[in-house]
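Asks: predicted model and sequence below, questions to follow.
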Amino acid sequence: MPPRPSTFSSANSTATAHGASDRLSMRKRKTAAGSVESRTSCGTCGVNPSRATSTGSSGSAAGGSSGSGAGSVRSSVGATSSGSTAPGADAASTASLPDDLTAFAGVLHAPDGSGTKLAAIIVCHAGSLEAGAAAVAPVKRFGSPVMDVIGPMPYAAVNMMVDGGFPRGALNYWKSNFLAALGDAAIDTMIERFATAPSPMSALLLEHFHGAATRVGPTETAFPHRTVGYNFLVVGEWMEASGTVANIAWAREAYAAMAPHFTAGRYVNYLNADEVSESSAVSAAFGPNWTRLREVKRRYDPDNVFHLNQNIKP
């Protein structure tokens with residue numbers, strides 16, 4: 001079997017309060033890292049709890065599995081205090097990311113239970129370790145991180161980095177939509193809405209789409225979202241049933257507040273139970289392929305046997 005390509009993953013977090021200086025800090029971060037989502041693979045965004053040794057002050061905490069050669073990942077988790085400067089901020093932008101580099105970002109709570117609010121960046125480079133180190137250097141130069149963990153790790157470990165943020169029994173309510181653009185007003189709204197989150201497990205995330213996935217025509221597969229840009233995700237998560245009403249309300253309000261920045265298109269995996277029953281939400285997820293997919297459904301599953309999903313009705 002040929003060796004697997006090595007991978008380089010990085011996450012950087014900035015502790016934020018919610019005043020004017022912090023909005024400026026987020027704007028700087030948008031320039032520095034292109035306002036990307038803080039999530040690796042399919043986990044939610046967040047600093048890996050097992051690596052969170054410092055959240056309140058500038059500094060770094062090393063951790064994570066080390067490795068080298070094929071099949072390894074270089075990973076970094078970092079956090080800076082709000083209002084920090086951004087040397088080299090102009091050097092990084094999602095507009096110029098290589099295909100091998102994926103960068104996500106978001107606002108979330110520190111995993112130590114302190115409730116400290118962070119802005120996090122996670123980057124994964126699926127190439128050589130040398131190329132990965134060069135690609136994430138602008139993120140590492142940004143500010144003075146509260147936490148910065150970077151080093152080779154197996155790709156499987158990258159996929160598990162945020163598993164600790166989803167403990168068994170947690171309750172979740174998510175909402176998501178693609179953004180027309182990511183400007184200061186959208187970032188300000190994210191910061192303002194995040195300040196009201198009732199649960200320290202919740203987050204607002206940005207997922208960057210680029211590379212090979214955007215060089216496929218929107219009707220060539222069932223998945224139509226082929227434009228370079230960002231997907232916005234509200235992750236509402238809490239542990240006690242008594243918090244359900246407040247947390248769902250917060251998720252819906254945050255989503256509604258961001259609606260002026262939305263474009264057409266929903267990511268099908270993020271449709272919640274309420275939305276799966278709405279044909280308009282599912283059709284928005286499949287876009288111009290909706291009609292064709294309904295014809296396929298009518299032909300192969302006219303009785304809708306396979307319906308426990310984001311269902312396309314025959």
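Replies: Cool, got the structure.

Asks: which helix or strand contains residue 247?
Replies: Using DSSP states H and E, residue 247 sits in helix 244-258.

Asks: so which elements touch that helix?
Replies: If you count contacts as 3 or more Cβ pairs under 8 Å, 6 or more residues apart in numbering; DSSP states H and E, helix 244-258 packs onto strand 171-178, helix 184-194, strand 229-238. Just so you know, the C-beta spots here come from the backbone N, C-alpha and C atoms, and that holds for glycine as well.

Asks: ranges for the strands of this structure?
Replies: Ranges of strands in the chain, per DSSP state E, are 7-15, 72-75, 79-80, 101-109, 117-125, 151-154, 171-178, 203-209, 229-238.

Asks: compile the helices and strands packed on helix 244-258 into CSV and extend it with columns for mean neighbour count and distance to residue 263.
Replies: As requested, the helices and strands packed on helix 244-258 are arranged in CSV below (neighbours: other Cβ atoms under 10 Å; distance: least, Cβ to Cβ, whole Å):
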stretch, mean neighbour count, distance to residue 263
strand 171-178, 20, 5
helix 184-194, 19, 12
strand 229-238, 24, 8
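
Asks: out of the ones you listed, the one nearest residue 109 is which?
Replies: helix 184-194 (9.0 Å; Cβ to Cβ).

Asks: show me what the closest one is packed against.
Replies: helix 20-33, strand 101-109, strand 203-209, helix 244-258.

Asks: least reliable of the strands of the chain going by mean pLDDT?
Replies: Per-stretch mean pLDDT for the strands of the chain is lowest at strand 72-75 (a mean of 32).

Asks: care to break the chain down by domain?
Replies: For the chain, automatic domain parsing gives the domain ranges 7-268, 271-314.

Asks: tell me which residues are up against the helix holding residue 247.
Replies: 171, 173-175, 177, 179, 186, 189-190, 192-194, 196-199, 202, 204, 232, 234-238 (Cβ atoms under 8 Å, 6 or more residues apart in numbering).

Asks: one more time with 10 Å, if that's ok
Replies: Contacts with helix 244-258, where a contact means Cβ atoms under 10 Å, 6 or more residues apart in numbering, come from 171-177, 179, 185-186, 189-190, 192-194, 196-199, 201-202, 204, 232-238, 240, 243, 262, 272, 274.

Asks: where does pLDDT dip in the stretch 51-200 of the chain?
Replies: 51-92, 150-151 (pLDDT under 70).

Asks: burial count for residue 240?
Replies: If you count neighbours by other Cβ atoms under 10 Å, residue 240 ends up with 10.

Asks: which phi and psi does it have?
Replies: phi -100, psi 140 (degrees, to the nearest 10).

Asks: that one and residue 253, how far apart?
Replies: Distance of residue 240 to residue 253, computed by Cβ to Cβ, to the nearest Å: 20 Å.

Asks: before we move on, the earlier item: so which of the domains of the chain is the most surrounded?
Replies: Mean neighbour count (mean count of other Cβ atoms under 10 Å) peaks for domain 7-268 among these, with a mean of 20.

Asks: still on that earlier bit, of the strands of the chain, which approaches residue 295 most closely?
Replies: Residue 295 sits nearest to strand 171-178 of all the strands of the chain, at 25.2 Å, using Cβ to Cβ.

Asks: by contact count, what packs against that closest one?
Replies: strand 203-209, strand 229-238, helix 244-258, helix 273-276, helix 279-286 (3 or more Cβ pairs under 10 Å, 6 or more residues apart in numbering; DSSP states H and E).

Asks: got the angle for the third one vs strand 171-178?
Replies: So that's helix 244-258. 10 degrees (axes from the mean of the first three to the mean of the last three Cα atoms, to 10 degrees).

Asks: likewise the first one?
Replies: Regarding strand 203-209 and strand 171-178, their directions subtend 40 degrees when assessed with the same axes, to 10 degrees.
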